[in-house]
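In: Have a look; sequence and predicted model below, questions after that.
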Amino acid sequence: MPPTDSALRSATEALYLTHSAWLRGWLRKRLDSTSDAADLVQDTFVRVIKARRALDIREPRQYLSTVAKGLVIDLFRRRALEQSYLEALASLPACDHPSEEDQAIVLETLMEIDRMLDSLGDKVRQTFILSQFEGLTYPQIAERLGVSVRTVNNHMATAMEQCCLMRLGLL
């Protein structure tokens, strides 16, 4: 029988009350930032709530630190991506800078592309990048990667499927 919302809520609340201070300290040591640590504690518990697994967690600190480590990696990747974008933007003449709103949309899109690329295997990711960002044809990609054109076609089909699934919010 599936757990009730009330039972999940109680388990999540108990988990938060018991371990949030510990997690905040654990993150603060790794991030050297009180505000980033506080944000990631909240994000960690949002993940716990969404997963609806609070009743199943047997090793709470291990579980929470694993979730938090993934969020730390995401934070650093997001900041590196944002920094690269801002550096590219700085190289443009001021009259070519997009509006603040457009910049936010571009950054969000770049992060979405980054998440999608991260979900692909190495060969599929390489194939997708060579096709979509370098403009190589399938035969050129096959030659560069030492695979058949059919394999390139299969890799691109996998990449496009991932793009569609991510866009639909199914990943």
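Out: The structure has been received and is ready for your questions.
In: Please point out which parts of the helix or strand bottoming out on mean pLDDT in the chain sit buried.
Out: When each helix and strand of the chain is scored by mean pLDDT, DSSP states H and E, helix 100-118 comes last, with a mean of 86. Neighbour-count burial for helix 100-118, with 16 or more other Cβ atoms under 10 Å as criterion, is recorded at 111, 113, 116-117. Every residue, glycine included, has its C-beta placed from N, CA and C.
In: Could you do stretch 125-133 as well?
Out: Counting neighbours by 16+ other Cβ under 10 Å, one finds that the buried residues in stretch 125-133 are 125-128, 130-131.
In: As a markdown table, these with distance to Ala51 and secondary structure would be great.
Out: Converted to a markdown table, the buried residues of stretch 125-133 look like this (distance: Cβ to Cβ, whole Å; DSSP: H, G, I helix; E, B strand; the rest coil):
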| residue | distance to Ala51 | secondary structure |
| --- | --- | --- |
| Arg125 | 26 | helix |
| Gln126 | 31 | helix |
| Thr127 | 32 | helix |
| Phe128 | 29 | helix |
| Leu130 | 35 | helix |
| Ser131 | 34 | helix |
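In: JSON lines for the residues you listed, including pLDDT and distance to Arg61?
Out: Shown next, in JSON lines, are these (pLDDT from 0 to 100; distance: Cβ to Cβ, whole Å):
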{"residue": "Arg125", "pLDDT": "91", "distance to Arg61": "33"}
{"residue": "Gln126", "pLDDT": "93", "distance to Arg61": "37"}
{"residue": "Thr127", "pLDDT": "94", "distance to Arg61": "40"}
{"residue": "Phe128", "pLDDT": "92", "distance to Arg61": "38"}
{"residue": "Leu130", "pLDDT": "93", "distance to Arg61": "43"}
{"residue": "Ser131", "pLDDT": "93", "distance to Arg61": "43"}
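In: between these, which is closest to Tyr16?
Out: Arg125 (36.4 Å; Cβ to Cβ).
In: Show me the protein divided up by domain.
Out: In terms of domains, the chain is parsed into 5-85, 119-167 (source: automatic domain parsing).
In: Not including adjacent chain positions, what is the nearest residue to the residue sitting nearest the centre point of the chain?
Out: Central residue of the chain (Cα atoms, centre = their mean): Arg115, 4.5 Å from the mean position. Closest residue to Arg115 apart from its sequence neighbours, by Cβ to Cβ, 6 or more residues apart in numbering: Met166 at 6.9 Å.
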